[in-house]
Each structure stands twice: as structure tokens, then as C-alpha cells.
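**Q** sharing a model prediction with you, sequence too.
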Amino acid sequence: MGTALTATPGVRAIGSTDPAVARTRPALVGLGTAVPATSYSQTEVLDYFGINDRRMRLLFANSAIERRHLSLPPAGADGRPVTESQGDLLRKHSSVAIRIGADAVRRCLADAGLQLSDVDYLCCVTTTGMLAPSLSALVAGELAIGPGTARLDVVGMGCNAGVSALSTVAGWSAGNPGKVAVLLCVEICSAIYAVDDTMRTAVVNSLFGDGAAAVAVRTPASAAPEMPTGPYLLKFAGTLLSEFSDTIRFDWDDSLGKYSFYLSPDIPYIVGAHVGDLVDALLAGTGLARTDIAHWVVHSGGKKVVDSVRINLGLTRHDVRHTTSTLRDFGNLSSGSFLFAYQRLVGEGVCRPGDYGVMMAMGPGPTIETALFAC
């Protein structure tokens, strides 16, 4: 690309990797996900929109995605999908996000053995729609969460926002031991679709799906350090590659009268060139090497992005199996993708005491965010 690739990772430590100390740190104590009821194969999406362009059909076919849950526009009298205005898309984002977001929180709390009344802090993440009142206020109202619950909304950060927000939630939890924080990532990516005859929109439309994921975080109170059960969050590190800021972006499309998302084909190479240094920064001072990491929970950013991360970190396909299966079954779920992959890790029951893992997500900026956890 002709430009030197440099980055200055920002490291944010929660605590030591010593096992005894780690168990006093913020823990992931519950997890829940939710998706719209309707799912589509790649061919079904193409056929519904009447897309017959050979290049676009090959793009969809080679995405490593089999199905995605989507909230597509209804069919009109002619059987074709109606054209949605920007207002229609925002209303769709609001209604679907509240519904599946609330479902994800309920499932998360049930998994943790907690009640809605136990929630002390709610952080909501989304990039696919602007809401006022905010998503956290609307979800809290839907769930009848107490009016005194602290809230935070993270809007517009993109696919890396879930890990970024997890750092903030972990910091709040560390400062409020014994209390329950919930992070909710909700992305209705079908509410940012623009459909035209360009490869630019085809790339986006071939990749993203709708979904919500919630995780409960709790730090042991000093009087009851055994209280949380779940992986402990130890350290976070991220990097902003602002010299490539135009490679992932939202633009307003005057001809369509709506926002259009853009992904540069250079993204896999930019991520790959920086991911090794960032992981090394995350592990610096811990006594851990990359080979000591037993579990890799990577954002399902797309086949080429996942392959670039895997190759540049020296990982096996087995190491990223949770990511590739998430991509296969759901597509790219933006900020919540890493939690869907983490759910598959949890479901395997292979995270043993003494194991370490890394969570990772990439998004606009471009930004790469990582988190180190101990089982």
C-alpha cells in the first residue's frame, strides 16, 4: 500500500495474571444472545432482491456464510421487497433492537441466576441506528429495570465497540464490587442496508446479520470472593490506526437518500499487519506468550479478515473455530460478534481453570481491541 504501518497500542490493566489475584477481578458470570426469527441463505437474499449480477452472486457464494438472521423489508404487491426510506430503517432498528435486546438480557440474567432487579448498571452498544431516548433507556423500560439503574450508551463505534465497552464495564465493576453490570450489544445490520447495482453495497450486504448479545459482569465483594463463577477479565489493549481512517466508514448517499456503509478491500491486510504487535502489547508484563493462550475469541469480521488474523498470529483453524462457525451461521454481527463466538467456547466446556484466552474485535478507525481473560 506504500505507507508504513505503525501503531501505538493503548494498554488498560484490570489486574494481575496471578491466579489468586485474578479471582478478585471482574468476572463474566452470565451470557445470552438473541436473533430475529427469520433467517436466510445467501442465495435466498440474492433471489429476494432480484440480484442476478454474476460478480455479486460469486461474492455472496464465497463469503463462508451459510445463513444470516435478517429483518428484510416486506414484499410489495408485485412480490418484490419494498424500498425502505431512512426513516423506515430507523424505525426497524428501534423495534427489532428493543425486542431482541431485551430477550438477550433476560437470557443472560437467567444464565447467571440473577433477576432484573439485580441489575445495577446497563451499558448498551449499537452502531446501526441513532435513538433518543437512547437504546439503554428503551431497553430498561421494556424490561422494567429500576429507574435508579446506572446506564451508558456507546453509539457509532462499529464492530470493535463490544470489546471497547467491555473494558469500560469491567472498570465500573471493579469499582463497584458485588454489584451487577450488564453489557448489551445490539446490531440490526439490515437497518443500514442500501441496495443498488454497485459492488460497494454488495460487499456490505453479503456480510452482516442482525443479532443481540448480553454479558453480565460482577466483581467479587471482599467478604465473598467466591461469588462470581466465570472467566475473569485481566487486561485490555487497543490501537487506533487513524492513517487509514477512510477504509471503514459511513457515507450519506444522496441518490439513495440514506446512509451507505463502505469497507475497503485493504482491511484484512491492515488488520493483519498490526494484530501481532497488539497481542504482544496485551501480553507484555504478564509472563505469557502467544503460545500460552488456549482460547481465541475473534470477531467474525469476514473470511479474509479472520484468515489474516489467524495467519499473522500463527493460529490454527481449530483455534478460530468459534469465529468461523459464528460467521457461517450468523454472518458478521458487528459489535456482538465476539460474544456469539464466546458463547460457542462456553458451550464446549473446554475453558479450564488455569487457561488464558484472548478476545478480539476490529472496526472503524480502523481500531483493533483485545481483552485478556483467565478461566
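**A** Alright, I've got the coordinates.
**Q** list the contacts of the closest residue in space to Leu31 that isn't next to it in sequence.
**A** Closest residue to Leu31 apart from its sequence neighbours, by CB to CB, 6 or more residues apart in numbering: Val215 at 5.2 Å. No exception for glycine: its C-beta is placed from N, CA and C like everyone else's. Each residue near Val215 by CB atoms under 8 Å, 6 or more residues apart in numbering is listed here: 28, 30-31, 108, 166, 182-183, 339, 342.
**Q** what pLDDT, on average, does stretch 238-252 get?
**A** Mean pLDDT, stretch 238-252: 89.
**Q** mind listing what's buried along that stretch?
**A** 238-241, 244, 247-248 (16 or more other CB atoms under 10 Å).
**Q** max pairwise distance over the residues you listed: which two?
**A** Gly238 and Thr247 (17.0 Å; CB to CB).
**Q** span of stretch 238-258 from start to end?
**A** For stretch 238-258, the first-to-last residue distance is 31 Å (CA to CA, to the nearest Å).
**Q** show me how far it is from its chain's centre.
**A** Distance, stretch centre to chain centre, for stretch 238-258: 18 Å (CA atoms, centre = their mean, to the nearest Å).
**Q** kindly report the same for stretch 197-213.
**A** Worked out by CA atoms, centre = their mean, stretch 197-213 lies 15 Å from the chain centre.
**Q** quick one: mean pLDDT over the helix or strand where the residue nearest to Leu31 lies.
**A** Using DSSP states H and E, Val215 falls within strand 210-218. Strand 210-218 shows a mean pLDDT of 98.
**Q** what lines up beside that strand in the sheet?
**A** strand 27-34 (antiparallel), strand 180-188 (antiparallel) (DSSP bridges).
**Q** make JSON lines from the ones you listed and add mean neighbour count and distance to Gly357 to it.
**A** Shown next, in JSON lines, are the strands paired with strand 210-218 (neighbours: other CB atoms under 10 Å; distance: least, CB to CB, whole Å):
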{"stretch": "strand 27-34", "mean neighbour count": "23", "distance to Gly357": "11"}
{"stretch": "strand 180-188", "mean neighbour count": "30", "distance to Gly357": "17"}
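**Q** let me know which of the ones you listed is the nearest to Arg68.
**A** Of all those, the one in closest proximity to Arg68, counting by CB to CB, is strand 180-188 (11.9 Å).
**Q** what residues sit buried inside stretch 348-366?
**A** Judged by neighbour count using 16+ other CB under 10 Å, the buried positions of stretch 348-366 are 351, 356-366.
**Q** coming back round to it: what's opposite the residue nearest to Leu31 in the beta bridge?
**A** With DSSP bridges as the rule, Val215 is bridged to Leu31, Leu183.
**Q** how close does it sit to Ala27?
**A** Val215 is 10 Å from Ala27, where distance means CB to CB, to the nearest Å.
**Q** just Leu90 next, same as before
**A** In terms of CB to CB, Leu90 sits 36 Å off from Ala27.
**Q** again with Ser167
**A** 15 Å.
**Q** can you show me the helices along the stretch 1-150 of the chain?
**A** 19-22, 42-48, 54-61, 86-112, 135-143 (DSSP state H, counting those that start in this stretch).
**Q** tell me where the model's unsure across this structure.
**A** The chain contains residues with pLDDT under 70 at 1-23, 222-229.
**Q** confirm that Val358 sits in a helix.
**A** No - secondary structure of Val358, determined by DSSP: H, G, I helix; E, B strand; the rest coil: strand, with no helix assignment.
**Q** helix, strand or coil for Cys159?
**A** Relying on three-state DSSP, one would call Cys159 coil.
**Q** give me the phi and psi for it.
**A** With angles defined as degrees, to the nearest 10, Cys159 sits at phi -70, psi -30.
**Q** so it makes contact with Met360?
**A** No - contact criterion CB atoms under 8 Å: Cys159 and Met360 do not qualify, at 10.7 Å.
**Q** list the residues that contact both of those two?
**A** With CB under 8 Å, 6+ apart, Cys159 and Met360 have common neighbours His299.
**Q** how about the strands of the protein, start to end?
**A** 10-13, 27-34, 39-41, 67-69, 119-126, 150-155, 180-188, 210-218, 232-240, 248-253, 258-263, 295-298, 356-363, 367-374 (DSSP state E).
**Q** got the domain ranges for the chain?
**A** Using automatic domain parsing, the domain ranges for the chain come out as 10-23+228-374, 33-218.
**Q** give me the distance from the shortest one to the chain's centre.
**A** Between the centre of domain 10-23+228-374 and the centre of its chain there are 9 Å (CA atoms, centre = their mean).
**Q** again, but for stretch 204-219
**A** The answer for stretch 204-219 is 5 Å, by CA atoms, centre = their mean.
**Q** what's around Gly50, how many residues?
**A** By other CB atoms under 10 Å, the residues close to Gly50 number 10.
**Q** now do the residue nearest to Leu31 against Ala170, distance only.
**A** 10 Å.
**Q** now Leu345: closest residue in space that isn't a chain neighbour?
**A** His322 (5.1 Å).
**Q** span of stretch 66-73 from start to end?
**A** Its first and final residues considered, stretch 66-73 spans 20 Å by CA to CA.
**Q** which outside residues touch it?
**A** Under the contact criterion CB under 8 Å, 6+ apart, stretch 66-73 has outside partners 35-42, 45, 48, 81-84, 88, 92, 96, 188-191, 208-211, 328-331.
**Q** what do you get if the cut-off is 6 Å, keeping everything else the same?
**A** 35-36, 39-41, 81-82, 84, 92, 96, 190, 209-210, 328, 331 (CB atoms under 6 Å, 6 or more residues apart in numbering).
**Q** please indicate which of those residues are buried?
**A** 35-36, 39-40, 84, 92, 96, 190, 209-210, 328, 331.
**Q** and the residues you listed, which two are furthest apart?
**A** Most distant of these, by CB to CB, are Glu84 and Arg328, 27.2 Å apart.
**Q** ok so, going back, which one of the contacts of stretch 66-73 is nearest to Val125?
**A** Closest to Val125, out of all of the contacts of stretch 66-73 and judged by CB to CB, is Asp210, at 14.3 Å.
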